[in-house]
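In: generate a structure from the sequence data that follows.
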Amino acid sequence: MAKQTKHKISNNIRTLRFMKEEMTQQQLAELVGVTRQTIVAIEKGKYSPTLELAFRIANVFEVPLNEVFSYDDNKNS
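Out: Just a heads-up that it's a prediction; the model follows:
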C-alpha cells in the first residue's frame, strides 16, 4: 500500500504584516483585492492562494514570492 504524502504550503504573512507598520489583515486584503477572511484563511494555512494572489501579496511587501510562501513536500518524513 502506497503511503500518502501531505503537501504543505506555509507562509510568513503575519510577520511581514507586523514588519510593515503593523498592517492589518483588512488593509492587506484591500490592497490585494480579497476579503479579510481570505487573508485569515491563508495565514492559518487553511487556504492556498492562487499563484496570482500569491504574487500580489509578495508585491505588497516588496519581497520575492519565496520570502512569503514556502513549500514542504515531506519527502524526508
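In: where do the helices sit along the chain?
Out: Counting by DSSP state H, one finds helices in the chain at the ranges 13-19, 25-32, 36-43, 51-61, 65-68.
In: in contact with the residue nearest to the spatial centre of the chain, which residues are there?
Out: Centroid check for the chain by Cα atoms, centre = their mean gives residue 11 as the closest residue, at 4.3 Å. Neighbouring residues of residue 11 by Cβ atoms under 8 Å, 6 or more residues apart in numbering: 42, 43, 45, 68, 69, 70. Quick note: C-beta positions are derived from backbone N, CA and C, even for glycine.
In: what bridges to it?
Out: residue 69 (DSSP bridges).
In: mind starting the numbering at 380 from now?
Out: Okay, residue one is now 380; in that scheme the one you just asked about reads as residue 390.
In: hang on, isn't residue 393 packed against residue 422?
Out: Yes - contact criterion Cβ atoms under 8 Å: residue 393 and residue 422 qualify, at 5.4 Å.
In: ok, these two, which is more surrounded?
Out: Applying other Cβ atoms under 10 Å to residue 393 and residue 422 shows that residue 422 carries more neighbours, namely 17 against 12.
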